[in-house]
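Asker: My questions are about this predicted structure, shown below with the sequence.
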Amino acid sequence: MLAGLFAAGVGMAYRFGKAGTRNPAQQLLYWAPRVLGILIAVFLSMFALDVFGEGKGFWGTTLALLMHLIPTFILIAVLVVSWRWEWMGGILFIVLGAVYVVWASGQVMRIRRGALLIGGPPVVIGALFLLNWWRQAKARPNS
């Protein structure tokens, strides 16, 4: 399902994206980290939905929801930075993924495998942003 969402997102971005001098492979490299960044933010925000079953009342649930969405807000902020400055966003995504893996590795043994499932995609997204930035920098004259 995630692969289908990714393919649909990249297809829509490619279809409705800014037409320029990029060939399809360059378009894919440009849009893939952006679409993946949005998808990982949506995926992580789904974990915040468990606060609605706790019965804390309106303000307690609102506060718990905002607390659970802090990682999503951080990812969205890094994605906004990445959209403008790919090199900086790429580094930030890699740092976020690495920090999460290191933090979660200190937890119970069964969580270590899951740490790569949540911490791995930001590292891949960051690498894609850096790869696209490097490709564009190499294509510029006098770079």
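Answerer: The structure has been received and is ready for your questions.
Asker: Let me know the average pLDDT across the helix or strand L66 falls within.
Answerer: Following DSSP states H and E, one finds L66 within helix 57-68. Across helix 57-68, pLDDT averages out at 88.
Asker: tell me which element the closest residue to L131 other than its chain neighbours falls in.
Answerer: Setting aside the residues directly before and after it, L131 is nearest to L29 in space (CB to CB, 6 or more residues apart in numbering), at 6.6 Å. For every residue, glycine as well, the C-beta is placed using N, CA and C. Per DSSP H and E: L29 is located in helix 24-46.
Asker: Packing partners of that helix?
Answerer: helix 2-16, helix 70-84, helix 86-105, helix 109-139 (3 or more CB pairs under 8 Å, 6 or more residues apart in numbering; DSSP states H and E).
Asker: re the thing from before, tally of neighbours for the residue nearest to L131?
Answerer: 17 (other CB atoms under 10 Å).
Asker: Do I have it right that it meets R135?
Answerer: Yes - with contact defined as CB atoms under 8 Å, L29 counts as touching R135 (6.7 Å).
Asker: How much space separates Q27 from G119?
Answerer: According to CB to CB, to the nearest Å, Q27 and G119 sit 28 Å apart.
Asker: same question, L66
Answerer: For L66, the distance to G119 - CB to CB - is 23 Å.
Asker: The two - which one has more neighbours?
Answerer: The residue with more neighbours, out of L66 and G119, is G119; 19 against 12, by other CB under 10 Å.
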